[in-house]
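1. Next come a sequence and a model predicted from it.
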Amino acid sequence: MKVRLYLALSVLALLGIIAAQNFSQLTVRFLVWSMQIPQALLIVSCGGIGLLVGLLLGAAKQKNPCD
């Protein structure tokens, strides 16, 4: 269990370093929407979404022990 914690903290630290070095503005386009946001915000939000998806899938797997 501690290995997973250290791995998660390492990935979080790397994500923070990458985000801190990328503050340039970029244009994000999705269907008909377009907005300018800092690249660091995009990196952190994608990491957060990935974390939430991982947590939800992990919780769903623990609830359904049939697999």
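-> Looks like it came in fine.
2. From here on, just use CA atoms for contacts and neighbour counts.
-> Noted.
3. Rounded mean pLDDT for the longest helix anywhere in the chain, please.
-> The longest helix of the chain (DSSP state H) is helix 39-63. Per-region confidence: helix 39-63 scores 81 on mean pLDDT.
4. Pull out the buried positions in that helix.
-> By 16 or more other CA atoms under 10 Å, the buried positions in helix 39-63 come out as Gln39, Ala40, Leu42, Ile43, Val44, Gly47.
5. List of residues touching it?
-> Applying CA atoms under 8 Å, 6 or more residues apart in numbering, the contact partners of helix 39-63 are Leu15, Gly16, Ile18, Ala19, Ala20, Gln21, Asn22, Phe23, Ser24, Gln25, Leu26, Asp67.
6. What about those, which are in helices?
-> Among the contacts of helix 39-63, DSSP H puts Leu15, Gly16, Ile18, Ala19, Ala20 in helices.
7. now those in JSON lines, with neighbour count and pLDDT?
-> Converted to JSON lines, the ones in helices among the contacts of helix 39-63 look like this (neighbours: other CA atoms under 10 Å; pLDDT from 0 to 100):
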{"residue": "Leu15", "neighbour count": "15", "pLDDT": "79"}
{"residue": "Gly16", "neighbour count": "15", "pLDDT": "80"}
{"residue": "Ile18", "neighbour count": "15", "pLDDT": "81"}
{"residue": "Ala19", "neighbour count": "17", "pLDDT": "78"}
{"residue": "Ala20", "neighbour count": "14", "pLDDT": "81"}
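8. Reformat these as CSV; add distance to Met35.
-> What follows is those, written out as CSV (distance: CA to CA, whole Å):
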residue, distance to Met35
Leu15, 23
Gly16, 23
Ile18, 21
Ala19, 19
Ala20, 21
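9. Of those, which is the nearest to Val32?
-> Distance to Val32 across these (CA to CA) is lowest for Ala19, with 26.6 Å.
10. Please report how far that closest one lies from Ala8.
-> Going from Ala19 to Ala8 by CA to CA, to the nearest Å gives 16 Å.
11. circling back to that earlier point, between which two of the ones in helices among the contacts of helix 39-63 is the distance greatest?
-> Leu15 and Ala20 (8.5 Å).
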